[in-house]
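Engineer: Sharing a model that was predicted from the sequence below.
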Amino acid sequence: MSKRGIFAAVVLTLAIGSTFLPGRRRHSTPSKGALRVGLVFDIGGRGDKSFNDAAYEGLSRAERELFVDAVYLEPSAGEDRASALRLFAAQGLDLVIGVGFIFSSDIDDVAHAYPNVKFVCVDYAPRGSIGSNVAGIKFREEEGSFLVGAVAGLLTRTKEVGFVGGMHMPLIEKFEAGYRQGVEALCDRCVVHAAYAGSTPEAFKDPAKGKAIAVSHISKGADVLYHASGA
């Protein structure tokens, strides 16, 4: 497979992430000239059972099946995101990935400084024109959420269901909107309780607030809960 083809396959594998079935294991070190890929985790890091874990599973599969050479970094603070991207770019990696919309402006800046390195951003929200070395991965969150809502509307016995969002922003509102429509399609008498953990990216790593919202929904009668809130 050509390097261009491997680039495309890695991006597709990352996008689908943990929905892939396990592939064959790699039994040797990457061959000389293997595609070198760096992935920088979003807020919440590994173990979030969400975007970060899905991205890790996707790139792990690329290691096994496409034999890429992958390295990972988990920033300890928000200001370290750009530094992590810049570190990978300075090392001359072929592809650098930022997991989450919060990387958008950082990737714009670093990609401009390193035009020979390719960058990918999940949920990319560019500030202006997109660099020729940048690709964004976006999803139709409302469509998958509609299906979850339909299942919730079908299964609820109390006619009350709940939604827990992370950061209150248009991206997460798409999850809520699709969920509401799905519930209504199967249960037009159902009530959807919705609340968000906060208005900053830190809301994606606040399990205590998420639990409090969930308990509140349950106390109101919700017997099905759906979340889009990271950790």
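Structural biologist: Looks like it arrived, so ask away. Keep in mind it's a predicted model, so treat the numbers as computed, not measured. Residues are numbered from 1 along each chain as shown.

Engineer: who's in contact with the residue most central in space within the chain?
Structural biologist: By Cα atoms, centre = their mean, the mean C-alpha position of the chain lies nearest to residue 51, the distance being 3.2 Å. The neighbours of residue 51, taking Cβ atoms under 8 Å, 6 or more residues apart in numbering as the test, are 42, 44, 99-100, 122, 230. Every residue, glycine included, has its C-beta placed from N, CA and C.

Engineer: One more pass at 6 Å, please.
Structural biologist: 42, 99 (Cβ atoms under 6 Å, 6 or more residues apart in numbering).

Engineer: Roughly how far does it sit from residue 172?
Structural biologist: Distance from residue 51 to residue 172, counting by Cβ to Cβ, to the nearest Å: 12 Å.

Engineer: again with residue 95
Structural biologist: For residue 95 relative to residue 172 (Cβ to Cβ), the value is 27 Å.

Engineer: out of these two, which sits in the busier spot?
Structural biologist: Between residue 95 and residue 172, counting by other Cβ atoms under 10 Å, residue 95 is the more crowded of the two (26 against 23).

Engineer: Now do the same for the more buried one: its pLDDT.
Structural biologist: Predicted confidence (pLDDT) for residue 95: 96.

Engineer: What distance do you get for it to residue 52?
Structural biologist: From residue 95 to residue 52 the distance is 18 Å (Cβ to Cβ).

Engineer: One more: residue 99?
Structural biologist: Distance from residue 99 to residue 52, by Cβ to Cβ: 6 Å.

Engineer: Repeat that for residue 62.
Structural biologist: With Cβ to Cβ as the criterion, residue 62 and residue 52 are 16 Å apart.

Engineer: coming back round to it: what pLDDT does the model give the residue nearest to the centre of the chain?
Structural biologist: Reading off the model, residue 51 has pLDDT 81.

Engineer: got any ranges where the protein has weak pLDDT?
Structural biologist: Low-confidence segments of the chain (pLDDT under 70): 1-33, 77-79.

Engineer: Skipping adjacent residues, who's closest to the spatially most distant residue from the centre of it in space?
Structural biologist: In the chain, the residue that sits farthest from the middle, by Cα atoms, centre = their mean, is residue 189; the gap is 32.4 Å. By the measure of Cβ to Cβ, 6 or more residues apart in numbering, the closest residue to residue 189 outside its immediate chain neighbours is residue 159, 5.7 Å from it.
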